[in-house]
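Q: following is a predicted model, sequence given first.
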Amino acid sequence: MSMFSKTLLGSLVLFSMLPSIHANELNSEQARAAIAPFYDALNVAPNKDSAALVLQGTAENWESCSGNDECKPREKVAPTIAGFGKAIPDLKWDIKEILVSGNRVIVRGEGYGTPAVDFMGVPHGGKSFKLMSIDIHTIENGKMSGKTYHLEDWAGAIRQLSNQ
């Protein structure tokens, strides 16, 4: 086989692989659509079924990880998120920025609200908080899948509730 034929054959093999190489690439609209049910669940509204929204937006293998080895399955996360709505009836979570890399979506968010009960050890006093969050999601088949890693500044929220 000539050098030209080998180069041509190699190029054809490479070009035939391109669609599969980029098959997991999400654009920002696809990323936003995939994470929308989850972030909708974090925004409290009367008669909203936040637990159902979490389940709708996540694959069966999805886990929420608040640390490298601290992960909970979606069946435990969904009622926890719904419970936040009872403790913080005006809870809102805004997406401030989305970064997409392949099938990974990084969200910089902002949560805020006014607890209606004692919250994280702070007595109820009618005070509000605002915090930043960073979430790293993996998207497969249009849903959050695998592990989502997240950090929220709950310590800052506690300071705000204690010091205002």
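A: Perfect, I can see it now.

Q: next, Ile81: secondary structure please.
A: Recorded secondary structure, Ile81: helix (DSSP: H, G, I helix; E, B strand; the rest coil).

Q: what of Arg32?
A: helix.

Q: ok, now Gly109?
A: When classified by three-state DSSP, Gly109 comes out as strand.

Q: give me the nearest residue to it, chain neighbours excluded.
A: With sequence-adjacent residues excluded and distances taken as CB to CB, 6 or more residues apart in numbering, Gly109 is closest to Ser133, at 4.3 Å. Every residue, glycine included, has its C-beta placed from N, CA and C.

Q: pop out the phi and psi values for Ala36.
A: For Ala36, the backbone dihedrals are phi -50, psi -50 (criterion: degrees, to the nearest 10).

Q: model confidence for the closest residue to it other than its chain neighbours, exactly?
A: Counting by CB to CB, 6+ apart, Gly57 is the residue found nearest to Ala36 once chain neighbours are left out, at 7.1 Å. Per-residue confidence at Gly57 stands at 96 (pLDDT).

Q: Gly57: what's it in contact with?
A: Ala34, Ile35, Ala36, Pro37, Phe38, Asp40, Ala41, Lys143, Met144 (CB atoms under 8 Å, 6 or more residues apart in numbering).

Q: what subset of those residues is buried?
A: Neighbour counting with 16 or more other CB atoms under 10 Å marks Ala34, Ile35, Pro37, Phe38, Asp40, Ala41, Lys143, Met144 as buried within those.

Q: of all those residues, which comes closest to Ser50?
A: The shortest gap between Ser50 and any of the buried ones among the contacts of Gly57 belongs to Ala41, at 4.1 Å (CB to CB).

Q: surely that closest one and Leu55 touch.
A: No - with contact defined as CB atoms under 8 Å, Ala41 does not reach Leu55; the gap is 9.1 Å.

Q: related to what we said a few turns ago, pull up the gap between the residue nearest to Ala36 and Gly125, please.
A: Relative to Gly125, Gly57 is positioned 34 Å away (CB to CB, to the nearest Å).

Q: buried ones in stretch 91-102?
A: Of the residues in stretch 91-102, Leu91, Trp93, Ile95, Ile98, Val100 count as buried by neighbour count, 16+ other CB under 10 Å.

Q: next, count neighbours for Met132.
A: Using other CB atoms under 10 Å, Met132 has 14 neighbouring residues.

Q: what does the one 3 residues further on give?
A: As a burial measure, the neighbour count of Asp135 was computed by other CB under 10 Å and equals 22.

Q: fine, thanks again, bye for now.
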